[in-house]
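# quick one: sequence plus predicted model below, questions after.
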Amino acid sequence: MLRERIRTAGINLKGTLRAIRDSKVPARVVQSNAGLLGVALTGTLILVAVFAPEVAPHDPIAQNYDATNQPPSLEHPFGTDRFGRDVFSRVIHGTRWALGLGISILVFQILLGVTLGLVAGYYGGLVEAAIMRLVDVMLAIPGIVLALAIAGMMGGGIFPLVVALAAVGWRGFARLVRGDVKSVMEDEYIEAAEAAAVSDVRIMLRHVLPNASASIIVYATLTLPAVILQVAALSFLGMGVNPPTPEWGAIIEAGRDQLQTEWWISTFPGLAIMITVIGFNALGDALRDALDPKQSRPL
Amino acid sequence: MIPVLFGVTVIISSLIYLAPGDPARAALGNQADAEAIQEVRADLGVDDPIYVRYVDWLTDVLQGDMGTSIVTGEPVSAMIAERLPATLELSIVAMLITFIIALPLGVAAAVRQYSWLDTGSMIFAIFWLSMPSFWLGLILIFLFAVQWQIFPISGRADSFLTLEWLSYLALPAFAIGARRAGLLTRLMRSSMLEIINEDYIRTAKGKGIGSQAVVYTHAMKNAMIPVVTLVGLQVPLIISGSVIIEIVFAWPGLGRLLVDSVLRRDYPVVQAIVLVYSCLVLVANLAVDVSYTYLDPRITYD
């Protein structure tokens, strides 16, 4: 019970609602230093991802055997790898893969988790018991282990990677949404809607879900960096995005054998991951504080 | 716990249906002759209905028979028994490192709130948390094993509880533990801050007990409750971390066996390892529940 309380801790709905209504959220996010940092970092990353071909000086997969294993220079700020590919351009294009894959996986996790959480919290009873039992079961299997088994069994590659991480990551959203829904269900307007014979689906989507949206947004922002780390980890293990695709985890893996001599190949994509994770965490923390200062960080 | 474990077995046994095409052919390769493939198919029970296959597998597992590896023909239980100690040892030491870093730092940050130490511990926490553990592992190898040659590059010592044993263990355990310590430091700090402002702490201070004693005997034990909860939640994360770190450091544990077996499509081994990992998580959760009653005698289980 204690653990349950901590996991769904402190979703202060009334405060969240009020905060959204007075819509000073963006202003409050940039008020704190951390929020400003988060907005700046994530904004830059998104711009870099969108305009990657313009930002990158070279083709990320074009090989150049006249310039292999070059240390960082003006021409190649992050050096080149054993095929003479420009590591800077690869890291820049990697932003696309990290954000693109991270966000698509996140969307699937939200679709699955929010639907199940909504249904569990709305209907209660046996449906809820069954769904929450499934969440308990999923929580008993370590995330990377299950993702690895699923992605590996499906043969590896981008599609299995998305399926595996979506299958592993929805449980947090289900837990969160179910907690929110249960507290909304006690409100009178739900009773009123039921009395007015509004259909279940409509009540869920129109009246219940908007009340949970703030915490979903905060949780999603804080989950994205974790997903990006998992994508990189699985690609590093050879079970995700395959070379020569410029994905950060795959670039680190490719440069692993050369770390002693060509340290730059693996070092820079790792720094890129760090910056991304710091950026989204700072943004998520600031968003949470802006929406409701009392709400604690999801575990 | 038992119903959850049953749920886990259902998920594990359905993993095989994710494989495209014939799982026996995928494991043995295209060169294998029809007879060998038929034998493996029968062994895996792919031709049986789902429930028959599941019940067969579960009865075997309950009797301690996890099947044999498709690739090497070795009994799976022997393969796991050989690898499990290495993983346990790595995870436990990683957990200890997490505690040794996080608890004092979190308490100190809370007691001296808004000091340089507080700010420093926050920056430390964010720094470690944002670092991919496999990348940290590579950097550690590069700095401490290649450049300065303080620790061995990879592998595991043959001896146990010796200096050599520790030197092999240090880098991989730190790579897992440091990242976890980031989160735990932050939690310990906020948990401690909440307790320090409670009435009974003020009373204890008012009685004239030294502030050190108040912090360590009165506050710390209560502040540990949310921390212990987090530790329970950390176990699956530490295990997840160990899988990747075992690859980076060539540590002969379950994680490496898992990755190898997944790549070789060795289904019985993959299923058994996922099951063993889940059991570790469930046992750790049980230990957490039990420790609540020690930390807060008001908590009872009926």
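That came through fine. Numbering: from 1, shown residues only, chains lettered A, B, ... in the order given.

# what's near enough to touch the residue in the stretch 151-300 of chain B that chain A sits nearest to?
Sorted by distance to chain A under C-beta to the nearest C-beta, the residues of the stretch 151-300 of chain B start with B:Val262, at 3.2 Å. Every residue, glycine included, has its C-beta placed from N, CA and C. Contacts for B:Val262 (C-beta atoms under 8 Å, 6 or more residues apart in numbering or on different chains) come out as A:148-149, A:152-153, A:239, B:270.

# name the SS class of it, please.
B:Val262 carries the three-state label helix when classified by DSSP: H, G, I helix; E, B strand; the rest coil.

# neighbours of residue 109, how many?
Unless you meant another one, I'm taking chain A. 23 (other C-beta atoms under 10 Å in any protein chain shown).

# my bad, the chain I had in mind was chain B
Neighbourhood size, B:Ala109 [other C-beta under 10 Å]: 26.

# okay, and it sits in which element?
helix B:76-111 (DSSP states H and E).

# from A:Leu224, how far off is A:Trp97?
The gap separating A:Trp97 from A:Leu224 is 14 Å, by C-beta to C-beta, to the nearest Å.

# against which helices or strands is the helix holding B:Ala109 packed?
Where contact means 3 or more C-beta pairs under 8 Å, 6 or more residues apart in numbering or on different chains; DSSP states H and E, helix B:76-111 is packed against helix B:116-129, helix B:163-196, helix B:220-248, helix B:254-263, helix B:267-295.

# could those helices go into JSON lines alongside mean pLDDT?
Putting the helices and strands packed on helix B:76-111 into JSON lines (pLDDT from 0 to 100) gives the following:
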{"stretch": "helix B:116-129", "mean pLDDT": "83"}
{"stretch": "helix B:163-196", "mean pLDDT": "84"}
{"stretch": "helix B:220-248", "mean pLDDT": "80"}
{"stretch": "helix B:254-263", "mean pLDDT": "91"}
{"stretch": "helix B:267-295", "mean pLDDT": "86"}
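
# could I get those as a markdown table with distance to B:Ala36?
Below are the helices and strands packed on helix B:76-111 laid out as a markdown table (distance: least, C-beta to C-beta, whole Å):
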| stretch | distance to B:Ala36 |
| --- | --- |
| helix B:116-129 | 49 |
| helix B:163-196 | 38 |
| helix B:220-248 | 30 |
| helix B:254-263 | 19 |
| helix B:267-295 | 15 |
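
# of all those helices, which one is nearest B:Gly29?
B:Gly29 lies closest, by C-beta to C-beta, to one member of the helices and strands packed on helix B:76-111: helix B:254-263, at 12.9 Å.

# for the closest one, output the C-alpha coordinates as CSV.
What follows is helix B:254-263 as a C-alpha-only set of coordinates in CSV (Å, rounded to 0.1, in the frame of the first residue of the first chain):
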residue,chain,number,x,y,z
LEU,B,254,23.5,-13.8,-16.8
GLY,B,255,23.2,-10.6,-18.8
ARG,B,256,25.9,-11.6,-21.2
LEU,B,257,24.3,-15.1,-21.5
LEU,B,258,21.0,-13.4,-22.2
VAL,B,259,22.4,-11.2,-25.0
ASP,B,260,24.3,-14.1,-26.5
SER,B,261,21.2,-16.3,-26.4
VAL,B,262,18.9,-13.7,-27.9
LEU,B,263,21.4,-13.2,-30.8
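
# what residues sit buried inside that helix?
Neighbour-count burial for helix B:254-263 flags B:254-259, B:261-262 (criterion: 16 or more other C-beta atoms under 10 Å in any protein chain shown).

# and what of stretch A:230-241?
A:230-241.

# nearest the middle, which residue of chain A would you pick?
Centroid-nearest residue in chain A: A:Leu224, 1.5 Å away (criterion: C-alpha atoms, centre = their mean).

# pLDDT (mean, whole number) over whichever strand or helix holds that residue?
For A:Leu224, the host element (DSSP H and E) is helix A:209-236. Across helix A:209-236, pLDDT averages out at 90.

# mind giving me the packing neighbours of it?
Counting by 3+ C-beta pairs under 8 Å, 6+ apart, helix A:209-236 packs on helix A:13-21, helix A:87-123, helix A:143-153, helix A:158-184, helix A:248-255, helix A:264-291, helix B:133-140.

# mind redoing it with 6 Å?
helix A:87-123, helix A:158-184, helix A:248-255, helix A:264-291 (3 or more C-beta pairs under 6 Å, 6 or more residues apart in numbering or on different chains; DSSP states H and E).

# tell me which of the ones you listed sits most buried.
Greatest average neighbour count among these goes to helix A:248-255 (a mean of 26), per mean count of other C-beta atoms under 10 Å in any protein chain shown.

# picking that back up, out of the buried residues of helix B:254-263, who's nearest B:Ala34?
Nearest to B:Ala34 among the buried residues of helix B:254-263 is B:Ser261, at 24.3 Å by C-beta to C-beta.

# contacts only, for that closest one.
B:Ser261 sits next to B:269-270 when contact means C-beta atoms under 6 Å, 6 or more residues apart in numbering or on different chains.

# where's it relative to B:Val269, distance?
Spatial separation of B:Ser261 from B:Val269 under the definition C-beta to C-beta is 4 Å.

# could you do B:Leu275 as well?
11 Å.

# now B:Leu286
26 Å.

# what stretches of chain A score poorly on pLDDT?
By pLDDT under 70, the weakly predicted segments of chain A are A:1-24, A:292-299.

# so what's the nearest residue to A:Ile110 once chain neighbours are set aside up against?
In this structure, A:Ile110 finds its nearest non-sequential neighbour in A:Phe173, 5.7 Å apart by C-beta to C-beta, 6 or more residues apart in numbering or on different chains. With contact set as C-beta under 6 Å, 6+ apart, A:Phe173 has these partners: A:109-110, A:113-114.
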